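# Next comes the sequence, and after it the predicted model I'd like to discuss.
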Amino acid sequence: MAPIKTKAIVLGGTNVKEKDRLVDLFTLEQGRKLVSMRGVRGEKAKLKMAKEPFCFGEFVLEEGKGCVVTQVEIIDNFYDLTKDLDKYYEGCAILDLVKSVAAASEPKLFIELLQALKTLCYENVKKYYVFDKFLLDLTEFLGFSFFHNKCGGCGATLNIAYFDLDKGCFVCPSCKSESSIKLSNGAFKAVEILHNCDYEKLSTLQLSSGSEREALKLLALNLEWRVGVKILKIK
């Protein structure tokens, strides 16, 4: 079979044998693939940087007894994430989300991940904002679009907002149920701002820390409730 060339991002991997590594790739064309990278743990290995999480490049794959990486042209390894512990943990949490939901070919999610990593690595964005945005967009990517400024029950304008975990939408006090969580005005506004903000503009946001944390808690809980994905706790 002819070699396959594909753009991919390394999500993680496992060391095997003396110097080999099984690598979890998220590819643009084929979604997730488990591939073998031989000899990459040696000190002089040509592809040793390509085995690391966050590495984005063009990978050449050969199918046979398993799938083997034979060449890699690194486009970006987002190395600066390793210099900032907060950004590193945030990036790992984003990769963990992708590992939890990605399967077949999902170009839109691939591009979303790439945008998130670029913003996290190179823009001066406050802690967790990139993770918040990715979490919100991922929920909508999975088909659970939920942000509206109208009640999901009666359609009334929301002055006091609750989030109904069973229905997966914001509701007014009259429509709330036992599974509804009351949200502060600040947190509701934070979700709205994040929903309407592109990655390129995240560095301009100034959300109050309390509102952002409340919004993050809701976004994580909603995704866990919808698809059973446990969110990696970030520092």
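Everything's here; your move.

# So residue 134 sits against residue 111, correct?
No - the pair residue 134 / residue 111 is not scored as a contact, 11.9 Å apart, by C-beta atoms under 8 Å. Every C-beta, even on glycine, is put in place using the N, C-alpha and C of the backbone.

# So for the two, which sits in the more crowded spot?
Comparing residue 134 with residue 111 by other C-beta atoms under 10 Å, the one with more neighbours is residue 134, at 26 against 11.

# Spell out the secondary structure type for that one.
helix (DSSP: H, G, I helix; E, B strand; the rest coil).

# Quick one: residues contacting it.
Counting by C-beta atoms under 8 Å, 6 or more residues apart in numbering, residue 134 touches 94, 97, 112, 113, 116.

# Likewise for residue 220?
Here residue 220 is in contact with 135, 231 (criterion: C-beta under 8 Å, 6+ apart).

# hmm, try it at 6 Å
Shown in contact with residue 220 (C-beta atoms under 6 Å, 6 or more residues apart in numbering): residue 231.

# can you give me phi and psi for residue 23?
Here is the backbone geometry of residue 23 (degrees, to the nearest 10): phi -110, psi 130.

# Could you pull up the residues touching it?
Residue 23 makes contacts with 10, 13, 35, 37, 51, as judged by C-beta under 6 Å, 6+ apart.

# Which single one of those residues is nearest to residue 83?
Minimum distance to residue 83 across these is 18.1 Å, recorded for residue 10 (C-beta to C-beta).

# Identify the residue spatially nearest to that closest one, adjacent ones excluded.
residue 55 (4.4 Å; C-beta to C-beta, 6 or more residues apart in numbering).

# And that neighbour, how far from residue 110?
As judged by C-beta to C-beta, to the nearest Å, residue 55 and residue 110 stand 14 Å apart.

# do residue 13 as well
Residue 13 is 18 Å from residue 110, where distance means C-beta to C-beta.

# same deal with residue 216?
Residue 216 is 24 Å from residue 110, by C-beta to C-beta.

# Please identify the residue most distant from the middle of this structure.
For the chain, the largest distance from the centre (C-alpha atoms, centre = their mean) belongs to residue 174, which lies 34.5 Å off.

# Quick one: the strands in the protein, in order.
When assigned using DSSP state E, the strands of the chain occupy the ranges 4-16, 20-27, 31-37, 56-64, 66-76, 161-164, 169-171, 180-183.

# Nothing else from me, thank you.
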